[in-house]
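Q: Could you look at this predicted model? Sequence included:
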Amino acid sequence: MNKMTTALSLVAILATGVQAVSLEDRVKALEEQNTVLTEEVLASQSAGFTRIDTEKSYNGMGAAASKVYYSESPLSIGGYGEMFYANPDDGDDFTDVYRFITYFGYRFNDWLILNAEIEYEHGATSQKGGSVVVEFLYLDFLLSKEFSLRVGNQLVPMGMVNLRHEPTLFNTVQRPEIERQLIPSTWHETGVVAYGRFDDIGIEYTAGLINGLNVDNDKAKEGKSGWIRSGRIGTQKNGSYQPAFVGRIDYTGINGLVTGASMYYGTGSNGADTKTSGLTTTMFDVHTRYENGPFAAYGLYTQTNLSGVENFGTPDAVEKASGYYMNASYDLGAVIGIDYKMPIFAQYENWNPVEKTLSGVNEDAFDTETVTIGMNFFPTSQTVLKLDYEMDKVGTVDTNTLSFGLGFIF
């Protein structure tokens, strides 16, 4: 390629020499060809792709997770990270190197892509609660814009944050608690889904079969918070398998707006050591994200219903969880005329993971209301500094927490 470019450059220079009426024209032609050669050398040294385009998203995922789909090189390496400092008023302050993520992607050809995510949590020190997890690992068969197939362990297409969980994409230091507990991000399961986009009507869809949640667990039986989150199977060794349906549809036909709904439906028990029969889990959410100049807002409502819990044989078994949240922000950077994004925001969450139990007891103990205010500062589009103050009320207990965090994608 370089030899060919050089030859073309010489031809262009000679041609310019014949036609040019001045030395200035010949110098200009040389400078243009030198720029082309420089760009090719830099591309070859960086495997053809070095930077991330923060404006690009593939199938609803974050920019870093989408990198392989737009890379000029067959091999793509990206990732993200986040750490924070927290000072709760009911305990000691602390810090946490929360996550460091690496994305590895490889394009076999124009229609087959490998994409993988490896997560290191809490410094990956197992004695202190850290972990290393393959968060997704799949093959994407890009058959057409309207219909493609994804096979392997993948992000479950529910909610707002589960697909877009990179720290530059949400304002708070921590992910919204509703999208940790009721839609248990980061939720990834093994399965096969079809997805596609119809540009003429602004519709994107995803539908298929994934490994179901293990709701046959002690927290569900005892009516405790975390019964949905602890039901994830993920990429554990010899994980039990029970297929469940998941589907999602989004409308993107209005500039700056994404609005849609997701649904999950699973039947039976998916516990390796538990065999409760007659269980059915139905989860759905409606979600919206809107951006218009310096103003942005996003939020959702979600509900999960668990039927057949009388077969647990425990009176406090949970039957329903629900909640909603809203986040609105305004970019002060645009107001004061600086080249840096500096959104201030407010977020309201209202949710109950044990909204209804079989006996009607203990339904208010986990009722949660949270107000969070704060601001972000983006030194670049790929890095963010976050400051927020969270006011939490769980049942009758109030807790306030001041947090500072940083995040980045690459």
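A: The structure has been received and is ready for your questions. Fair warning: this is a prediction, and the values are worked out from it, not measured in the lab.
Q: Any stretches of this protein with poor pLDDT?
A: Low-confidence segments of the chain, defined by pLDDT under 70, are located at 1-22, 24-50, 272.
Q: Domain ranges for it, per the record?
A: 1-45, 46-409 (automatic domain parsing).
Q: Make sure I have this right: Asn214 is in a strand.
A: No: inclusion of Asn214 in a strand is not indicated when DSSP: H, G, I helix; E, B strand; the rest coil is applied; the result is coil.
Q: okay but it is in contact with Gly266, surely?
A: No: assessed by Cβ atoms under 8 Å, Asn214 is found out of contact with Gly266, at 9.7 Å. (Each C-beta comes from the backbone N, C-alpha and C, glycine too.)
Q: coming back round to it: ranking the domains of the chain by mean neighbour count, which comes first?
A: domain 46-409 (a mean of 18; mean count of other Cβ atoms under 10 Å).
Q: Show the end-to-end separation of stretch 63-82, please.
A: Start-to-end span of stretch 63-82 (Cα to Cα, to the nearest Å) is 16 Å.
Q: can you tell me which helix or strand the residue lying closest to Tyr103 once chain neighbours are set aside belongs to?
A: Spatial nearest neighbour of Tyr103, chain neighbours left out: Gly78 (4.2 Å); criterion: Cβ to Cβ, 6 or more residues apart in numbering. Under the assignment given by DSSP states H and E, the secondary-structure element containing Gly78 is strand 75-88.
Q: What strands flank whichever helix or strand comes after that strand, and is each parallel or antiparallel?
A: Tracing the chain past strand 75-88, the next element assigned as helix or strand by DSSP H and E is strand 94-107. Strand pairing for strand 94-107, using DSSP bridges, gives strand 75-88 (antiparallel), strand 112-121 (antiparallel).
Q: Please produce JSON lines containing those, extended by distance to Ser131.
A: Rendered in JSON lines, the data for the strands paired with strand 94-107 read as follows (distance: least, Cβ to Cβ, whole Å):
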{"stretch": "strand 75-88", "distance to Ser131": "15"}
{"stretch": "strand 112-121", "distance to Ser131": "5"}
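Q: among those, which is nearest Tyr348?
A: Set against Tyr348 and scored by Cβ to Cβ, these come closest in strand 75-88, at 19.6 Å.
Q: Isn't Ala116 up against Val134?
A: Yes: counting by Cβ under 8 Å, Ala116 touches Val134, with 6.9 Å between them.
Q: Mind checking the strands paired with strand 94-107 for the one nearest to Ile336?
A: When the strands paired with strand 94-107 are compared for distance to Ile336 using Cβ to Cβ, the nearest one is strand 75-88, at 26.6 Å.
Q: Return the distance of the closest one from the chain's centre.
A: Shown here is strand 75-88, whose average C-alpha point lies 13 Å from the average C-alpha point of the whole chain (Cα atoms, centre = their mean, to the nearest Å).
Q: Which residue is the nearest non-sequential neighbour of Ala207?
A: Of all residues beyond its chain neighbours, the one nearest Ala207 is Gly247 (4.2 Å), with distances taken as Cβ to Cβ, 6+ apart.
Q: dump the residue contacts of that neighbour.
A: Applying Cβ atoms under 8 Å, 6 or more residues apart in numbering to Gly247 gives the contacts 157, 205-208, 262-263.
Q: Distance to Ile178 for those residues - can I get that in a markdown table?
A: Formatted as a markdown table, these follow (distance: Cβ to Cβ, whole Å):
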| residue | distance to Ile178 |
| --- | --- |
| Pro157 | 17 |
| Tyr205 | 24 |
| Thr206 | 21 |
| Ala207 | 24 |
| Gly208 | 24 |
| Ser262 | 14 |
| Met263 | 17 |
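Q: Mind exporting the C-alpha coordinates of stretch 194-214 to PDB?
A: Taking C-alpha atoms only, stretch 194-214 is exported to PDB below (Å, rounded to 0.1, in the frame of the first residue of the first chain):
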ATOM      1  CA  ALA A 194     -32.200 -11.600  16.800                       C
ATOM      2  CA  TYR A 195     -32.000  -7.900  16.300                       C
ATOM      3  CA  GLY A 196     -32.300  -5.300  13.700                       C
ATOM      4  CA  ARG A 197     -33.200  -1.700  12.700                       C
ATOM      5  CA  PHE A 198     -35.800  -0.300  10.300                       C
ATOM      6  CA  ASP A 199     -34.500   3.200   9.400                       C
ATOM      7  CA  ASP A 200     -37.600   4.300   7.500                       C
ATOM      8  CA  ILE A 201     -39.800   4.000  10.600                       C
ATOM      9  CA  GLY A 202     -37.200   4.600  13.200                       C
ATOM     10  CA  ILE A 203     -37.600   1.200  15.000                       C
ATOM     11  CA  GLU A 204     -35.000  -1.000  16.600                       C
ATOM     12  CA  TYR A 205     -35.800  -4.400  18.000                       C
ATOM     13  CA  THR A 206     -34.200  -7.300  19.900                       C
ATOM     14  CA  ALA A 207     -35.800 -10.700  20.700                       C
ATOM     15  CA  GLY A 208     -34.700 -14.200  21.600                       C
ATOM     16  CA  LEU A 209     -34.000 -16.800  24.300                       C
ATOM     17  CA  ILE A 210     -31.500 -16.400  27.200                       C
ATOM     18  CA  ASN A 211     -30.800 -18.200  30.300                       C
ATOM     19  CA  GLY A 212     -33.400 -17.400  32.900                       C
ATOM     20  CA  LEU A 213     -33.100 -15.900  36.400                       C
ATOM     21  CA  ASN A 214     -32.900 -18.200  39.400                       C
END
